[in-house]
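Peer 1: any chance you could fold what I've pasted below:
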Amino acid sequence: MTERASAPRLALFWFGIQAVWGALLGISLQSRSADLAETNAIALYGILAVSGAAVAAAAQLAAGVWSDSLARRGRGRTGFYVWGALTGACALLWFYTARDVQQLVLSVVALQAGMNLAIGAYQAVVPDAVEPSRYGAASAWMAALQSAGNATGAALAALVADARLVGVLLSALLLLTCGATVAHVRRLPLRAARAGTDLTISQAFVDLFVSRALVYTGFYTLLGYLYFYVAALPRAQHLPVKAESGILILLFTVVGVIGAAVAARPSDRYDKRAIVTAGGAIVACALALFVATDSLPLAAVAAGAAGIGWGIFLVADWALACRVLPPGALATTMAIWNLAVVGPQIAAPLLAGALLLKSHILERQNWPRVAFTLAIAEIILGILWIWRLPRGLSVE
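Peer 2: The predicted structure follows:
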């Protein structure tokens with residue numbers, strides 16, 4: 001008897017992947033930059049974020065196209081999972097033990113190449129292994145384990161003092177979850193790969209892509225500069241900056257589940273553009289609170305509100321994507337769609353860095369508030385852009 005796909009076991013690798021990103025993108029890139037380039041930490045962070053994201057985009061697209069070609073010939077994609085996880089695990093250990101700036105940059109490039117080699121192929125795991133009638137349940141597991149993985153990674157990076165131990169724990173988690181998912185996928189019959197490879201890029205897809213990219217640029221500006229924002233707060237607090245920023249990110253991630261739950265039913269019943277707008281508006285208001293306060297407790301309130309808004313946005317954004325994603329090869333299509341997430345990882349530090357340098361404000365203690373103000377503008381522009389979509393695509 002043929003084994004049926006288990007959505008939790010398919011999603012386990014996503015938990016490990018997201019734990020890595022939860023640790024790195026909000027805490028470890030910034031703290032390691034401060035460790036190795038104290039006076040130029042902002043510049044080094046920008047180099048790490050931009051170079052890593054550029055490699056990620058190229059690796060993910062290449063893996064998507066290559067794995068689709070193999071899938072059409074009846075071969076599986078799990079080799080990409082394994083080699084990507086192995087490369088990522090080795091690069092993680094290097095990242096957390098790097099002793100100079102050059103090693104740190106090279107380790108981030110290697111990490112992004114390995115992780116996105118795996119991600120480019122793995123993103124197609126649900127349509128590869130699950131029948132269409134179960135896509136919703138499988139996607140829900142992916143979303144749930146994404147949030148859990150982000151929270152786990154942020155907690156490890158924030159609360160474990162020994163950087164080498166953080167690297168070991170994240171590497172082990174990545175390899176274990178990869179192994180569990182690979183063992184399950186290899187026992188499943190591969191669903192027939194889509195024969196057509198031509199991608200038709202509609203105007204609706206372009207508008208949704210642009211809207212998503214603008215909102216994610218604001219998100220990565222918030223995530224990328226939160227560590228520096230916490231460091232600039234009055235130091236009446238007793239926890240280290242890394243721990244305080246980690247707690248805020250953990251709060252943001254955990255309450256995002258609440259936002260997703262709140263938006264699940266309305267996104268099926270009402271205009272999805274309105275749901276996207278509501279979620280984005282909550283995040284923008286939370287950013288305004290960050291800008292206005294010097295209090296860590298109020299910053300925690302802002303982080304919680306932003307997490308709820310982000311959860312709402314993600315649900316409606318994914319629901320819209322299901323309506324307008326162009327037909328074509330599975331992994332290739334998803335890799336192109338995911339450029340609206342990877343691209344902002346490059347754009348966010350470039351735009352914020354240029355603004356901060358042009359304004360000559362880096363010598364002031366409150367300079368992270370300027371970056372957060374830019375994030376507000378980026379998110380507002382993104383939620384305004386979503387209204388370019390025709391109403392017929394945003395309702396059932």
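Peer 1: list the helices and strands the helix or strand of the chain at the bottom of the mean pLDDT ranking packs on?
Peer 2: Scoring the helices and strands of the chain by mean pLDDT, DSSP states H and E places helix 125-129 at the bottom, with a mean of 75. Packing partners of helix 125-129 (3 or more CB pairs under 8 Å, 6 or more residues apart in numbering; DSSP states H and E): helix 7-23, helix 135-159, helix 163-185. C-beta here means a position set from N, CA and C on the backbone, and glycine is covered the same way.
Peer 1: tell me what angle the helix or strand immediately after the shortest one in the chain forms with helix 163-185.
Peer 2: The reference is to helix 7-23. Beyond helix 7-23 in the direction of the C-terminus, DSSP states H and E gives the next helix or strand as helix 29-36. Computed by axes from the mean of the first three to the mean of the last three CA atoms, to 10 degrees, the angle separating helix 29-36 from helix 163-185 equals 150 degrees.
Peer 1: CA atoms only: put helix 29-36 into CSV for me.
Peer 2: Output in CSV follows, covering the C-alpha atoms of helix 29-36 (Å, rounded to 0.1, in the frame of the first residue of the first chain):
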residue,chain,number,x,y,z
LEU,A,29,24.2,39.1,11.5
GLN,A,30,24.0,42.3,13.6
SER,A,31,25.7,41.0,16.7
ARG,A,32,28.5,39.3,14.7
SER,A,33,29.0,42.6,12.8
ALA,A,34,29.3,44.5,16.1
ASP,A,35,31.7,41.8,17.4
LEU,A,36,34.2,42.0,14.5
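Peer 1: touching that helix from outside, list them.
Peer 2: With contacts defined as CB atoms under 8 Å, 6 or more residues apart in numbering, helix 29-36 is touched by 41-42, 44-45, 48-49, 95-96, 98-101, 104, 108, 157, 163, 224, 227-228, 241-242, 245.
Peer 1: next one: stretch 233-253
Peer 2: Residues outside stretch 233-253 that contact it (CB under 8 Å, 6+ apart): 22, 26-27, 30-31, 147, 150-151, 154-155, 157-159, 223, 226-227, 229-231, 294-296, 299-300, 303-304, 306-307, 310.
Peer 1: re earlier: please spell out the ChimeraX selection for the buried subset of the contacts of helix 29-36.
Peer 2: Per 16 or more other CB atoms under 10 Å, the buried members of these correspond to this ChimeraX selection:
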select :41,42,44,45,48,49,95,96,98,101,104,108,157,163,224,227,228,241,242,245
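Peer 1: just the ones of the contacts of helix 29-36 in helices?
Peer 2: 41-42, 44-45, 48-49, 95-96, 101, 104, 108, 157, 163, 224, 227-228, 241-242, 245 (DSSP state H).
Peer 1: residues near L351, how many?
Peer 2: Residues lying near L351 (other CB atoms under 10 Å) number 19.
Peer 1: now do the contacts for it.
Peer 2: 217, 221, 374, 378.
Peer 1: now with 7 Å, please.
Peer 2: L374 (CB atoms under 7 Å, 6 or more residues apart in numbering).
Peer 1: please apply the same query to A286.
Peer 2: A286 sits next to 302, 305-306, 309 when contact means CB under 7 Å, 6+ apart.
Peer 1: domain map for this protein?
Peer 2: 7-185, 203-393 (automatic domain parsing).
Peer 1: rank these by pLDDT, which is bottom?
Peer 2: When these are compared on mean pLDDT, domain 203-393 scores lowest, with a mean of 83.
Peer 1: from the chain's centroid, how far away is that domain?
Peer 2: 10 Å (CA atoms, centre = their mean, to the nearest Å).
Peer 1: does H360 sit in a helix, a strand or a coil?
Peer 2: coil (DSSP: H, G, I helix; E, B strand; the rest coil).
Peer 1: how about the contacts made by it?
Peer 2: Listed by CB under 7 Å, 6+ apart, H360 has no contact partners.
Peer 1: next, it: phi, psi?
Peer 2: phi 50, psi 40 (degrees, to the nearest 10).
Peer 1: what about it, distance to L86?
Peer 2: 45 Å (CB to CB, to the nearest Å).
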